[in-house]
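> coordinates only, no sequence provided:
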């Protein structure tokens, strides 16, 4: 999903620089803004082809959505992560309300409670 798992996170309280916490979508917007401030051109699309140069410092070629051709000396491959849910009906309804896909991220919110980690 665009923006990664963080965009589905309702509360982020364990990231430096956010003294009052934030939500995942706002945090992703902040990170995007910061990257753009340093000259990053943010583009959205699906990479459909990559031709990596075999030379150090060579030009790599990327095709986005089977039509947009981009050339660059550097490619950062950030394929992200996807939560692996159990596939039971109730988990989708309870995401953010007792069901979490990140034990280390969300464990704090359940401090002092009984918690089950599956996986």
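Yep, it's here. These numbers were taken from a predicted model, which means no experiment stands behind them. Numbering: from 1, shown residues only.
> can you map out the helices along the chain?
For the chain, the helices defined by DSSP state H occupy 24-37, 89-94, 103-106.
> what does the shortest one rub up against?
By C-beta atoms under 8 Å, 6 or more residues apart in numbering, the residues outside helix 103-106 that reach it are 9, 14, 100, 117. Glycine gets a C-beta too; all of them are placed from N, C-alpha and C.
> what's the burial count for the closest residue to the second one other than its chain neighbours?
Of all residues beyond its chain neighbours, the one nearest residue 14 is residue 108 (6.4 Å), with distances taken as C-beta to C-beta, 6 or more residues apart in numbering. Counted by other C-beta atoms under 10 Å, the residues lying close to residue 108 total 10.
> so for residue 108, what's the pLDDT?
Residue-level confidence at residue 108 comes out at 76, pLDDT.
> repeat that for residue 2.
For residue 2, pLDDT reads 68.
> coming back round to it: quick check: which of the helices of the chain is nearest to residue 54?
Proximity to residue 54 (C-beta to C-beta) singles out helix 24-37 among these, at 28.7 Å.
> now that closest one: average pLDDT?
For helix 24-37, mean pLDDT rounds to 92.
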